[in-house]
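J.: got a structure for you, letters missing:
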């Protein structure tokens, strides 16, 4: 492990590439120019007031003429901005060039180096910072300094004296300029002031625009969060936007359940406007590979060869400070698995359920890693609660739906079911009193229909109650379902389960419960079986739900896979659809006249990912 070095949070660098791609909109540019036009008028008005209060500040009538021209210039710009619908780039450059040139000319007619007209130089530098950024502001300050040195050269070359002589000959006032104000030593200090001011204002403006770009990006990502997309959908959408933002070749979403070391890896490829998230099976050492080092919240890692041995340079953000580790080897496994040379990663946590990391492989738009790590860290802190709120809201809606279904179940039990049972009992009394004849047979048929409807209603009630079934409740639910099936139908039933700990997410458990219910209904209606066995087994990370009976079987013989069932359109259609929803594998083994066996396999990893 290399040496640890703490580095500063901020450096004097241009904005990262993606931030430079977020300029003002046309409306924002027009509003900015209007504000600058108002400031320009206020500045020239203040200059005229200062000249009127202290007339010694201006040496020549030409200075007043230039100030008047500057006022007219500001009024014309204000009028054009309010009358035109668009502000073009050539117009902005022309206005900015005039703002640069006029202070350089006005300085010829003012006294000393500390006169109030020096504010004209500060205004044009502030305008450049407000419009653009650091380097444009520095260029503006250098241009202003250059004009002052041109004035100094004009004095040293005698051009000013020649111009004054010509003005005298045509009976016009002279310029009144003082060569002492443009001595190289004094002018050098003035130039330093302007350049330093340009650097300062440009840097502050650049940082402000950086924050604005980050907030705009975070706001746009938050606006993409949709209630109907679910956790996986929103994650893939957010990561897809980060892929576009940084021009990365690929993204990884590494996730794990809180309190366990089970890791799932999702891959997102840049694929147009709809990024697709593909979950792949993690290696046994997935936790150590991707999540082993928990000391950092985000990091930027690059790999290089040193003496023929690959090593990493890792810049990580930990506890609000950056740490640079040279010669690191803990992340080499990631570079080997994904054949990349650099990546940027950020950790996330969605409440107490899920946590993990997002990796952007081969990012391009990273000119300042420190800025990007801090941005991603703050972005996840803003977006994480919003995604988690979507997750909680979906759970709340499911809970509300479950409560409403429970209310309907109670009403059905206390109303329709009890009424049907009461009618069935009255029919039974009538049937017993009717010793023989066609009426007794009709009463038998009516009583059987009533019993069938009661069974159907009870099966519907059980299906409505099965929505809130998680890994903890599924074994008990299946056991109760088998026992209830045995009581209501008279068909013998058993439930068997391995001692292994069930670790399937709630959506998968819910679908398995419904599959078992549907299979038991089919056994009651169609099989004519005397015994049924429901098993929930685990073998090498694969959970298997098995429903086996000794009835008439299906109208085909042999072992048939789900692909064959789908292609032939064979029953049971509802079970096939539910298995497809959880991305499981369905197999039916039918022995006509001797029974059937339904097997539903769900790999533990795939089941967990389907529930994310």
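T.: The structure has been received and is ready for your questions. Since this is a predicted model, take the numbers as computed values, not measurements.
J.: Tell me where the stretch 301-450 of the chain has helices.
T.: 332-338, 369-412, 418-433, 438-465 (DSSP state H, counting those that start in this stretch).
J.: May I see the buried residues of the first one?
T.: It refers to helix 332-338. For helix 332-338, the neighbour count (16 or more other Cβ atoms under 10 Å) marks 332, 333, 334, 335 as buried. All C-beta spots, glycine's among them, are computed from the backbone N, C-alpha and C.
J.: Quick check, the second one in contact with residue 286.
T.: No. Residue 333 sits out of contact with residue 286 when judged by Cβ atoms under 8 Å, with a separation of 9.8 Å.
J.: What segments of the stretch 51-200 of the chain are helices?
T.: Using DSSP H, counting those that start in this stretch, helices in the stretch 51-200 of the chain cover 61-83, 89-106, 119-131, 134-157, 159-169, 184-223.
J.: still on that earlier bit, between the helices of the stretch 301-450 of the chain, which gets nearest to residue 201?
T.: Nearest of the helices of the stretch 301-450 of the chain to residue 201, taken as Cβ to Cβ: helix 369-412 at 19.9 Å.
J.: same for the closest one, what does it pack against?
T.: When contacts are defined as 3 or more Cβ pairs under 8 Å, 6 or more residues apart in numbering; DSSP states H and E, helix 369-412 sits against helix 184-223, helix 230-246, strand 298-306, strand 309-318, strand 342-350, helix 438-465.
J.: ok, of these, where does mean pLDDT dip lowest?
T.: Here the lowest mean pLDDT among these goes to helix 438-465, at a mean of 72.
J.: which secondary structure elements does it contact?
T.: Secondary-structure packing of helix 438-465 (3+ Cβ pairs under 8 Å, 6+ apart): helix 369-412, helix 418-433, helix 474-489, helix 506-522.
J.: picking up where we left off before, for the helices of the stretch 301-450 of the chain, give me JSON lines that also has distance to residue 124.
T.: Converted to JSON lines, the helices of the stretch 301-450 of the chain look like this (distance: least, Cβ to Cβ, whole Å):
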{"stretch": "helix 332-338", "distance to residue 124": "50"}
{"stretch": "helix 369-412", "distance to residue 124": "28"}
{"stretch": "helix 418-433", "distance to residue 124": "88"}
{"stretch": "helix 438-465", "distance to residue 124": "74"}
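J.: between those helices, which gets nearest to residue 42?
T.: Residue 42 lies closest, by Cβ to Cβ, to one member of the helices of the stretch 301-450 of the chain: helix 369-412, at 35.3 Å.
J.: pLDDT averaged over that closest one - what is it?
T.: On average, helix 369-412 scores 80.
J.: Now do that helix against helix 184-223, angle only.
T.: 20 degrees (axes from the mean of the first three to the mean of the last three Cα atoms, to 10 degrees).
J.: picking that back up, of all the helices of the stretch 51-200 of the chain, which one comes closest to residue 399?
T.: Residue 399 lies closest to helix 184-223 among these, at 25.1 Å (Cβ to Cβ).
J.: which helices and strands does the closest one pack with?
T.: Using 3+ Cβ pairs under 8 Å, 6+ apart: helix 184-223 touches helix 17-20, helix 119-131, helix 134-157, helix 230-246, helix 369-412.
J.: Ok, which of those comes nearest residue 209?
T.: Here helix 17-20 is closest among those (Cβ to Cβ), at 7.3 Å.
J.: What's the local residue count around residue 521?
T.: 19 (other Cβ atoms under 10 Å).
J.: Quick check: the gap between it and residue 206.
T.: Plainly put, residue 521 is 68 Å away from residue 206 if you go by Cβ to Cβ, to the nearest Å.
J.: Could you do residue 587 as well?
T.: Taking Cβ to Cβ, one finds residue 587 at 64 Å from residue 206.
J.: More neighbours: these two, which one.
T.: Taking other Cβ under 10 Å, residue 587 and residue 206 do not tie; residue 206 has more neighbours (22 against 18).
J.: from what I can see the more buried one touches residue 130, true?
T.: No. Counting by Cβ under 8 Å, residue 130 is not a contact partner of residue 206; they are 11.4 Å apart.
J.: Would you mind giving the secondary structure of residue 583?
T.: When classified by DSSP: H, G, I helix; E, B strand; the rest coil, residue 583 comes out as coil.
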